[in-house]
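**Q** what follows is a predicted protein model with its sequence.
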Amino acid sequence: MTPLVVAQITDCHLQNDPRQDYRGQNVEQHLDRVVESLLLQSPLADLILWTGDLVHHGGPEGYQRLSQRLADLPVPSYWIPGNHDDVALMQQVGHQDSNQTDNPTVRQLNQRSLVTGGWGIILLDSTSEPDGQGGGSLAQCELDFLQQQLQNFQDYHCLVVLHHNPLPVGSDWQDQIMLGNADLFWRVLGQHSHVRAVINGHVHQPSDRMHNGVRVMMTPATSVQFKAACPQLVLEDDPDLRGPAYRLLALYPDGRIETSVKRVAG
Ligand SMILES: [Fe+2]
């Protein structure tokens, strides 16, 4: 049984000027390493999900560099915003590129749902009602979209994709800025037995657990990692955990999931 191979890349925090560091790291180079690693994997991923905080200051430069990079990849990409992103700008850059190229790898950047390999994938914008600290919620229209897509995809296994974590991670500062209306999110998912998994970014650390029968996977960043179970923000200092990372998921037609976090040298 051949699985659909999905890569998740998250929290790149690209700077306007690619020479500028983020928290002491050249995140542009981190992303280079991650993309290089991804392209060396066999089998090659079928698609890449970019799960927010793609730039740090919300300026156009990072999006333009990123979308150019994605145009050169042999794998189609789909992106959603995080709390550091500018949603309108992402829409604009994704749309421009869609119009200016025949390359199918960039046509779908702003696409919000797809069906492939027996799976339905639904991408959500969780940046509504920002609290100024990094928190965000799903607007009512996003919850309605989720409900509608899950109904449309009832014959498929479903993967739901968003930036903010819908479960706490056990770090006080991060749990205050998790998905603001996670209760409403889980209420929608609870009405559909074909949701197999949720993936999110935002937490800059890995997690993999079951909740209400759904596998919830969180993924380390390409930029910098945050130490788990800390009351305040502490950068990861464990040499085995602090490097740039991404996640691979093998989604099988029978609903099975195999996954691993790939770490690369910083
Ligand atoms: Fe982030």
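**A** Cool, the structure landed.

**Q** the residue nearest the centre of the chain bridge partners, please.
**A** With distances taken as Cα atoms, centre = their mean, the residue of the chain nearest its centroid is Thr51 (2.0 Å). Beta-bridge partners for Thr51, by DSSP bridges, are Ile80.

**Q** the helices in the stretch 151-266 of the chain, which residues?
**A** Along the stretch 151-266 of the chain, the segments classed as helices by DSSP state H, counting those that start in this stretch run 172-175, 182-189.

**Q** quick one: which of the ones you listed is nearest Leu235?
**A** Of all those, helix 172-175 sits nearest to Leu235, with 12.8 Å by Cβ to Cβ. In this view, the C-beta of every residue, glycine as well, is placed from N, C-alpha and C.

**Q** ok, the residue nearest to the centre of the chain touching Val6?
**A** No. Assessed by Cβ atoms under 8 Å, Thr51 is found out of contact with Val6, at 11.2 Å.

**Q** check which helix or strand covers the residue in the stretch 51-200 of the chain that the ion sits nearest to.
**A** Of all residues in the stretch 51-200 of the chain, Asp53 sits closest to the ion, at 3.4 Å by Cβ to the ion. Using DSSP states H and E, Asp53 maps to neither a helix nor a strand.

**Q** close to the ion: what parts of the chain are there?
**A** For the chain, the contact set with the ion under Cβ under 5 Å from the ion comprises 11, 53.

**Q** quick one, what contacts the nearest residue to Gly118 once chain neighbours are set aside?
**A** The spatial neighbour of Gly118 that comes closest, neighbours along the chain excluded (Cβ to Cβ, 6 or more residues apart in numbering), is Pro253 at 3.9 Å. Pro253 makes contact with 1-3, 117-118 under the criterion Cβ atoms under 8 Å, 6 or more residues apart in numbering.

**Q** now with 10 Å?
**A** 1-4, 117-119, 156-157 (Cβ atoms under 10 Å, 6 or more residues apart in numbering).

**Q** now a ChimeraX select for only the buried ones of the residues you listed.
**A** Selection of buried members from those for ChimeraX, criterion 16 or more other Cβ atoms under 10 Å:
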select :3,4,117,118,119,156,157
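
**Q** and the contacts of Pro253, which of them are in helices?
**A** Assignment to helices by DSSP state H places none of the contacts of Pro253 there.

**Q** take the contacts of Pro253 and write them to JSON lines, including pLDDT and distance to Gln92.
**A** Formatted as JSON lines, these follow (pLDDT from 0 to 100; distance: Cβ to Cβ, whole Å):
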{"residue": "Met1", "pLDDT": "88", "distance to Gln92": "40"}
{"residue": "Thr2", "pLDDT": "95", "distance to Gln92": "36"}
{"residue": "Pro3", "pLDDT": "98", "distance to Gln92": "34"}
{"residue": "Leu4", "pLDDT": "98", "distance to Gln92": "30"}
{"residue": "Gly117", "pLDDT": "96", "distance to Gln92": "30"}
{"residue": "Gly118", "pLDDT": "96", "distance to Gln92": "33"}
{"residue": "Trp119", "pLDDT": "98", "distance to Gln92": "29"}
{"residue": "Tyr156", "pLDDT": "98", "distance to Gln92": "31"}
{"residue": "His157", "pLDDT": "98", "distance to Gln92": "33"}
